[in-house]
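Trainee: Here's my sequence, what's the structure:
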Amino acid sequence: MSIVFIDARSKIQRANKHIGDLKCAVLTLKQSKRAIVQINPHTGHQELIHTLEFPSPASDDISLIAGDAIHNLKSALDFAWQSVLKTHAPALCTNRSKFPVYQTRDALIGALNGIHINPSSQSVIYNAIVSDIQPYEGGKLASAIYILHELDIADKHLLVLGLRPLAGIEGIVVEDENGETIHGFGATTEAPPPYVIPFERNFRIKDKGKLAFDIVLPESSLYEFVEITEVLSKLSQVVLHCVELLENP
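Mentor: Here you go, the predicted structure:
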């Protein structure tokens, strides 16, 4: 591992620490799940209610921790690019140097041509950025890099990221008035809890079922229906791969 890439790798390690904390926070939130059966005094129906504490201070913590992880992953890319410049174009390296992401391949190449990298190093940089990473729309790793970039912008402009629930109930078992056993489930929903399923009063609820509850990030584009810790773990893997490509072009 090159000394000049230590900062980038340190940022990834810090992001992974936040992702670990995030997993613990999500688990704590899920452990607040509870299921009850009650009679609705207005309709007379039974209501199977699944709920948990969302939104809550715990969900705010999840958003803040996710924002910290996102910022560190984006910083890792920026630090890796600064390390590239330190090695191949030291006069151009500043604390404002950002990892290059552009809409098109031509725009990326134009930007790289404009930084006047040492000719002996130019092909190395082009291979790593243009051929291997391809940080432009439609490029190899572009989707993940764009998503990380957009999430970082969202976190900078919002107090907390916009978390969204993705929930469903599985394993419900009821017995009707004829003694017939019925297996059912609650459809997947993006609505916040509580989740209420009404039953006739003469039905016997034998198993309340289990609430499957995940948190997703609507700002994460292609990953908007993927659980938040999986999204950030994926982005961490992509960022590490980019750093390795830049470190050993």
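Trainee: Counting residues, name the longest strand you see in this structure.
Mentor: Counting by DSSP state E, the longest strand found in the chain is strand 164-175.
Trainee: which secondary structure elements does that strand contact?
Mentor: Packing partners of strand 164-175 (3 or more C-beta pairs under 8 Å, 6 or more residues apart in numbering; DSSP states H and E): strand 181-189, strand 195-199, strand 204-207, strand 210-216. C-beta here means a position set from N, CA and C on the backbone, and glycine is covered the same way.
Trainee: Please pull up the helix or strand immediately following the longest helix along the chain.
Mentor: Ranked by number of residues, the top helix in the chain under DSSP state H is helix 57-88. Where DSSP states H and E defines the elements, the next helix or strand beyond helix 57-88 is helix 105-113.
Trainee: packing partners for that following helix?
Mentor: helix 119-126.
Trainee: Identify the residues contacting residue 66.
Mentor: Residues near residue 66 by C-beta atoms under 8 Å, 6 or more residues apart in numbering: 18, 22, 155, 161, 217, 228, 232.
Trainee: any idea how far it lies from residue 21?
Mentor: According to C-beta to C-beta, to the nearest Å, residue 66 stands 10 Å off from residue 21.
Trainee: do the same with residue 76
Mentor: Counting by C-beta to C-beta, the gap from residue 76 to residue 21 is 17 Å.
Trainee: Please name the bridge partners of residue 46.
Mentor: With DSSP bridges as the criterion, residue 46 is bridged to residue 39, residue 199.
Trainee: number of nearby residues for residue 134?
Mentor: Neighbours of residue 134 under the rule other C-beta atoms under 10 Å: 16.
Trainee: And it, how far from residue 41?
Mentor: 61 Å.
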